[in-house]
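S.K.: Model the structure of this input:
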Amino acid sequence: MNKIYQAIADLRSDFKTMSFAFTKDENEIDNAVQELMLYFMEMNQTTLSSIYEKDGSLGLKRYGAVALRRSFTSPRSKFYYTYNKYYKNIDELTSNATYEEHNNHKSIYNIPEEVSEVYKYEQLEKIDKVLDNLDYWYDREVFKLYYYKKNTLDSLACKTGISRGSLFETIKKVRQILKHKLNE
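M.R.: Residues are numbered from 1 along each chain as shown. Okay, here's the model as predicted:
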């Protein structure tokens, strides 16, 4: 295994070069390559050995290239959760912007303050009007039980005796009707 890990270590500069296709930030590249090295260390040893025995360093390089691409492009990758998701929010909040710029900047933290209560009630009234004009009372009542009474599909299925799949399809249909009617 030491021979395989040495081959992976020798490919570090190649992995850094590959990373420039996704970003130009050298700190981000170093973090991604380091995360890739940890990935190789935690990888199943028999799988890693079979890759190395089959194609040698070229196989490791190809495997690493795929893993790097996924780490930069997939929001479900460990790299995204470890670095991008956390540090990008920190960078935004700790930038050199003044207090007013932070308050005027739209972010996930200040969106609820921007939505006025009047707007919320107007939207709810529009939704209620569309629901009242639905063709079938069943669709309206299922939707109200699900959203207004904050039931889950499972709890609603237990309470009503209606299958979870049927409830899901009904709620999905009503959502599509609401989207269509409210966007007119």
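S.K.: so how far is stretch 33-48 off the chain centroid?
M.R.: 24 Å (C-alpha atoms, centre = their mean, to the nearest Å).
S.K.: Pick out the residue closest to the middle of the chain.
M.R.: The residue lying closest to the centre of the chain (C-alpha atoms, centre = their mean) is residue 75, at 5.1 Å.
S.K.: does that one count as helix, strand or coil?
M.R.: coil (DSSP: H, G, I helix; E, B strand; the rest coil).
S.K.: Going forward, the N-terminal residue is numbered 50.
M.R.: Sounds good: first residue 50 from here, last item residue 124.
S.K.: what about residue 112, neighbour count?
M.R.: Neighbourhood size, residue 112 [other C-beta atoms under 10 Å]: 20. In short, each C-beta sits where N, CA and C put it, glycine included.
S.K.: Quick one: classify residue 129 as helix, strand or coil.
M.R.: Recorded secondary structure, residue 129: helix (three-state DSSP).
S.K.: Report the contact partners of it.
M.R.: For residue 129, the contacting residues are 120, 123, by C-beta atoms under 8 Å, 6 or more residues apart in numbering.
S.K.: Mind pulling the model confidence for it?
M.R.: pLDDT for residue 129: 71.
S.K.: do the same with residue 166
M.R.: With respect to pLDDT, residue 166 scores 52.
S.K.: How about residue 175?
M.R.: pLDDT, read off for residue 175, is 83.
S.K.: Spatially nearest residue to it, not counting backbone neighbours?
M.R.: Nearest residue to residue 175 in three dimensions, chain neighbours excluded: residue 231, at 6.1 Å (C-beta to C-beta, 6 or more residues apart in numbering).
S.K.: Can you report how many residues lie near that neighbour?
M.R.: Neighbour count of residue 231, defined by other C-beta under 10 Å: 12.
S.K.: Repeat that for residue 204.
M.R.: Residue 204, neighbours per other C-beta under 10 Å, totals 13.
S.K.: what about it, distance to residue 211?
M.R.: To residue 211, residue 204 is 12 Å away according to C-beta to C-beta, to the nearest Å.
S.K.: next one: phi and psi at residue 101?
M.R.: phi -70, psi -40 (degrees, to the nearest 10).
S.K.: That one is in contact with residue 111, isn't it?
M.R.: No - using C-beta atoms under 8 Å, residue 101 is not in contact with residue 111; the gap is 11.6 Å.
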